[in-house]
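Student: next comes the sequence, and after it the predicted model I'd like to discuss.
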Amino acid sequence: MFKLVNKYLIATLIPLVLFTSYVKAEQDSAQQIRDTQVQVGKDFLKNDANLIASYFTHDAQIIFNGFGVIKDEALVDFWQATLDIGNKVKFTSKEINALGDTAVEYGNYTLQNGAKLVDSGKYISIWKKQGNTLKIHRYMVVSTRNKAESVKGKTSAASY
């Protein structure tokens, strides 16, 4: 009887331990993403496009509404154009789901120049783990500014 109870106990505990490990990893990924967002906000004040681009994987892509895919060296140009119009950014995660070495995040952002709001919108980020660090691999942005305003240089996509 004791052996039978042991088998059932083990059969019950293994999924519980695996699920607990999964939940812990997902919580760790979500916290790392939130911490990174805070750091990006602080780094924005340094006005360094290369520093901001360093939060992205080497083969990252940004999809900005109406402007196609931004990748490679254009990532730094994108962030420089963004820094040229705004010096303060805030990300607000609405949802973060992690699975293994990948996490998907949905949220809102605001971009300000001093106290003036210059852009806001929604984003979806796909994060990939590189070593022990999550980096943005795909970043899809929907700005509240329309394309005509962007072309006039009022949003970060002005040069794209």
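Tutor: Structure's in. What do you need?

Student: okay, and the helix or strand of this structure with the least pLDDT?
Tutor: The helix or strand of the chain with the lowest confidence, counting by mean pLDDT, DSSP states H and E, is helix 147-151 at a mean of 47.

Student: packing partners for the longest strand along the chain?
Tutor: If you go by DSSP state E, the chain has its longest strand at strand 116-130. Here strand 116-130 touches helix 2-44, strand 102-113, strand 133-143, going by 3 or more C-beta pairs under 8 Å, 6 or more residues apart in numbering; DSSP states H and E. Glycine gets a C-beta too; all of them are placed from N, C-alpha and C.

Student: just the CA trace of whatever helix or strand comes next after the longest one, in CSV.
Tutor: Secondary structure here is assigned by DSSP states H and E; on that basis, the next helix or strand after helix 2-44 toward the C-terminus is helix 49-53. These are the backbone C-alpha positions of helix 49-53, laid out as CSV (Å, rounded to 0.1, in the frame of the first residue of the first chain):
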residue,chain,number,x,y,z
ALA,A,49,21.3,55.8,-30.2
ASN,A,50,24.0,53.1,-30.1
LEU,A,51,23.2,52.4,-26.4
ILE,A,52,19.5,52.1,-27.1
ALA,A,53,20.1,49.8,-30.1
